[in-house]
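Enquirer: Need a 3D model of the following:
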Amino acid sequence: MGAVEANLVKECKALLIDAKTEVLNRVRSTRADLHFEDKGGDEADQTARVLAEAETLSLHERLRTQLVEIEMALARIENGSYGICEETEELIEPERLRAIPWTRLSIEGAEIRESVQKRYAR
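Expert: Numbering: from 1, shown residues only. Below you'll find the model as predicted:
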């Protein structure tokens, strides 16, 4: 098992920092969307508002999850384990790291994990 090239790690770290900034900005924006002032309106208006709030909360949760993944990837860069598949312990493909810099799985590792999850989902 080798190590990820230093240039690729540097490139991915920059991608992760940019992604973190974008996610944090989106979190701030979704928080602003949660503060609906007008609580009046008929039943249809209130239902639409509740559905919009639920959608905003769901988006906020997905962003929070992505932020955790980004932070974990930055920690793996710091501890030297970045770019190593959690499933196969092989190097993750450089193209995959560039596309999803917070990924913890190689393509093969993702397929293994997906097949295991399908097996236990029945």
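
Enquirer: So which residue is dead centre in this structure?
Expert: Centroid-nearest residue in the chain, with C-alpha atoms, centre = their mean: Gln66, separated by 2.4 Å.

Enquirer: So that one sits against Thr103, correct?
Expert: No: applying C-beta atoms under 8 Å, one finds Gln66 not in contact with Thr103, separated by 11.7 Å. The C-beta positions use only the backbone N, C-alpha and C, and glycine is treated the same way.

Enquirer: measure the residue sitting furthest away from the middle of the chain to Ile84 for me?
Expert: Distance from the C-alpha centroid of the chain, by C-alpha atoms, centre = their mean, peaks at Asp42 (37.5 Å). Distance from Asp42 to Ile84, counting by C-beta to C-beta, to the nearest Å: 56 Å.

Enquirer: Val68 too?
Expert: Distance from Val68 to Ile84, by C-beta to C-beta: 19 Å.

Enquirer: With Ile70 instead?
Expert: Distance, Ile70 to Ile84, using C-beta to C-beta: 17 Å.
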